[in-house]
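**Q** From the sequence below, what's the structure:
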Amino acid sequence: QLGPHYHLPRLGSPMTQQQTAMFRSFAVEIARAEGTPLGLDVVAAHEGCFLKVKTVVPGGAADLWNEACHGDAPRVVVGSILVCVNGVSGSDPDALHILRSRLQLRLVVRNCSVVPE
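**A** Down below sits the predicted model:
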């Protein structure tokens, strides 16, 4: 359930600019050194359909990536959805292992204003 004041558009109907922005994904590439924490605490959300960012740890690789962003560039924030991790769907159990173990990460992230638990 997306909330009391939000309704998904009907199939085939155009989405509003706000709805389009709400579902826009962006790429994040992080190369971290051995021993450097990623700095993301994530949880499986919506019955394991995706990984949701619970915490962005200050000083972690993800936080440093955010700091390098300029202007209105999207950032990884609490509530962000990890759609893909190195090409593996965020709903795949391997995604969490990849997120924790790899030093080179290519994430597809989606920031939604309303995300089911």
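
**Q** now the helices: where do they sit in this protein?
**A** 17-22, 61-68, 93-101 (DSSP state H).

**Q** Pick the most deeply packed of those.
**A** helix 61-68 (a mean of 17; mean count of other CB atoms under 10 Å). Backbone N, C-alpha and C define where each C-beta goes, glycine included.

**Q** Other residues contacting that one?
**A** Residues outside helix 61-68 that contact it (CB atoms under 8 Å, 6 or more residues apart in numbering) are 28, 30, 32, 36-40, 56-57, 75-77.

**Q** about what we covered before: and the helices of the chain: which comes nearest Asn111?
**A** helix 17-22 (8.2 Å; CB to CB).

**Q** now that closest one: mean pLDDT?
**A** If you average the pLDDT over helix 17-22, you get 51.

**Q** My read is that Pro74 contacts Val109, right?
**A** Yes - Pro74 lies in contact with Val109 (CB atoms under 8 Å); the separation is 7.3 Å.
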